[in-house]
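Give me a model of this one.
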Amino acid sequence: MAKTRLTWEEVSQYEQMEPNGKIWRHNGLYYYVIEEGIASIRVVYELPEDLYHLFEKGEKDLHDLNIKVKTGNWPLTEEDKRASRKKFITEHPISLINTSSGYYLFTEEELEKLIPIGEKQWIKAEGKLPDDYVSPLKNKTKED
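Below is the predicted model:
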């Protein structure tokens, strides 16, 4: 989406399509108004009609549109965020040692491979594992 040369004063004369004054229509074209910069200058972006319809149907919200018009990409979904975090931890298993918050992303079999690698990386970097560290693999019993 490209910034336009339209000013707020021009756009504010168009048909308002959204109560907060972010989306406007004129001659079949849609515009998205964003406040940008330190001085909060209103900037007008072209908004393709298909994006407006996604907003209108409730499939996307103003936050989603804001990111899309500025970057050309939709914001990451929760699934995308989980996949990105899993990829990072897989590439840096040392991060599993100081926090257990990423364990849920992996199967037991994956953790059985990653934890020993992470432990070795931690020991190489820090000299020893954290004093309060308890390996999730050591909590297993033969009955598990």
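
mean confidence for the longest helix anywhere in the chain?
Longest helix in the chain, counting residues (DSSP state H): helix 108-126. Helix 108-126 shows a mean pLDDT of 94.

Not counting its own residues, what contacts it?
Outside helix 108-126, the residues within contact range by C-beta atoms under 8 Å, 6 or more residues apart in numbering are 89-90, 93-98, 103, 106, 129-130, 135-137. All C-beta spots, glycine's among them, are computed from the backbone N, C-alpha and C.

Would you mind writing the CA trace of that helix as CSV?
Extracted in CSV, the C-alpha atoms of helix 108-126 (Å, rounded to 0.1, in the frame of the first residue of the first chain):
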residue,chain,number,x,y,z
GLU,A,108,8.7,-35.5,24.4
GLU,A,109,10.8,-37.0,21.7
GLU,A,110,11.9,-33.6,20.5
LEU,A,111,12.8,-32.5,24.0
GLU,A,112,14.8,-35.7,24.5
LYS,A,113,17.0,-34.6,21.6
LEU,A,114,17.1,-30.8,22.4
ILE,A,115,17.6,-30.7,26.1
PRO,A,116,21.0,-32.6,26.1
ILE,A,117,22.2,-30.2,23.3
GLY,A,118,21.0,-27.2,25.3
GLU,A,119,22.7,-28.5,28.5
LYS,A,120,26.0,-29.0,26.7
GLN,A,121,25.8,-25.5,25.2
TRP,A,122,25.0,-24.0,28.6
ILE,A,123,27.9,-25.8,30.2
LYS,A,124,30.3,-24.7,27.4
ALA,A,125,29.2,-21.1,27.8
GLU,A,126,28.7,-20.9,31.6
